[in-house]
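[1] Next input, structure requested:
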Amino acid sequence: MTAGLTRVHFCGDCLRHQLGGVGGGRSPGGRSRWILQSQPWVGGLRGGPAAPPPLSPLRPLLHLPGGKRPREVWFLCFFPYIDECGTGRHSCANDTICFNLDGGYDCRCPHGKNCTGDCIHDGKVKHNGQIWVLENDRCSVCSCQNGFVMCRRMVCDCENPTVDLFCCPECDPRLSSQCLHQNGETLYNSGDTWVQNCQQCRCLQGEVDCWPLPCPEVECEFSVLLENECCPRCVTDPCQADTIRNDITKTCLDEMNVVRFTGSSWIKHGTECTLCQCKNGHICCSVDPQCLQEL
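    Alright, predicted model coming up:
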C-alpha cells in the first residue's frame, strides 16, 4: 500500500504545505493530495538532544510516564502507490521521458539527446538547480534537481537576526509570545507543540490552538480503544473488541440452540447476570458485578 513516507511537525502539514521532500517523485502538486496520516510519534523529550529525530526509530505517542512532555512531536505521513507517469503527476520536462518506479518515478533522457534537467511545477518551467518559495506558502522552499521537484519547510536559524518569525515562531524571544499550559504550571515557547487529552496543541505568538488528534483508519475486523490511548488498534480476540465490522452472514448458536445474529445480546439461560453477545460468529459473555450485588 505505502510507497514512501516523510515526517512533519503537524499531521496537516502534509496537505496544508504540500510537502514532498523525501526521495524522488513526490512533487508538491502530485502526491500531496493522496497522503495518509498516521498517529503522532515522539521525537525526543525536553532536555534531550536538540537534533531532530530520524525517521526510525520513533516511539508512538500514547502517553508519557512521570508527566514528561515531548520536546517535539512528529507525524509520519504515508504515501500510497501512484502511477505518476500514467496520471501526469510528475515534474519531468518535455525533453525527458517519465518512467514509473516502485515508490516514485524517474525522468530519463532519450539516448543521444542532451536534456536540460528542467522541471515543470504548477505549469511553469523551473530550471535545473533553481530554488524558489511557494506562492501560497512562504515558509516552504522548493528546488529543481534533474527533473525532480523537491520541497521542504524553511530551515529556522534563530541566530539569524532576519529570520522570518511567521515561519519560525519558535525563534520569537518575546515573553508575550509564550503560552501557559492548561495545568497553569508549564510554560511553552511560541512554536512548541504538545498533545493534551487526545488533542494536538500549538503555541503561536501567545495563543494556544488545539484540534482533535487525527487517527488512521484501522483496516481490521475487530478494534479496541485502550485506556490512555487516543487511537483504536486492531485485536484478534473479538471479546476484547469494543468496535466490530458487523457481518450479517455470521451468526451464533446460543446455549439453547437459538440462532443469534451478529450484534445481538441476551441473558445466558440459567443465569440472571451473565450477558452474552454475538460478534461475527463468536459468542462473548461477561458477568455484570452490579447485577450480582442487587440479587
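[2] Where do the domain boundaries of the protein fall?
    Taking automatic domain parsing as the reference, the chain has its domains at 2-153, 169-212, 222-294.
[3] quick one: the shortest one to chain centroid distance?
    Shown here is domain 169-212, whose average C-alpha point lies 20 Å from the average C-alpha point of the whole chain (Cα atoms, centre = their mean, to the nearest Å).
[4] Equivalent analysis for stretch 121-140, please.
    25 Å.
[5] what do you get for stretch 230-242?
    Taking Cα atoms, centre = their mean, one finds stretch 230-242 lying 20 Å from the centre of the chain it belongs to.
[6] Under the pLDDT cut-off, which ranges of the chain? List them.
    Applying pLDDT under 70 to the chain picks out residues 1-81, 102-103, 175-176.
[7] where do the helices sit along it?
    13-16, 84-87, 289-294 (DSSP state H).
[8] Report the distance from the last one to the chain centre.
    When distances are taken as Cα atoms, centre = their mean, helix 289-294 is centred 43 Å away from the chain's centroid.
[9] what's in contact with it?
    With contact meaning Cβ atoms under 8 Å, 6 or more residues apart in numbering, helix 289-294 is reached by 272-273. All C-beta spots, glycine's among them, are computed from the backbone N, C-alpha and C.
[10] can I get the CA coordinates of it in CSV?
    Presented in CSV, the C-alpha positions along helix 289-294 are these (Å, rounded to 0.1, in the frame of the first residue of the first chain):
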residue,chain,number,x,y,z
PRO,A,289,-21.0,-7.2,39.0
GLN,A,290,-23.7,-4.6,39.8
CYS,A,291,-26.3,-7.2,38.9
LEU,A,292,-24.8,-9.7,41.3
GLN,A,293,-24.9,-7.1,44.1
GLU,A,294,-28.6,-6.5,43.5
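[11] correct me, but Q130 touches S143?
    Yes - if you go by Cβ atoms under 8 Å, Q130 and S143 touch, sitting 6.8 Å apart.
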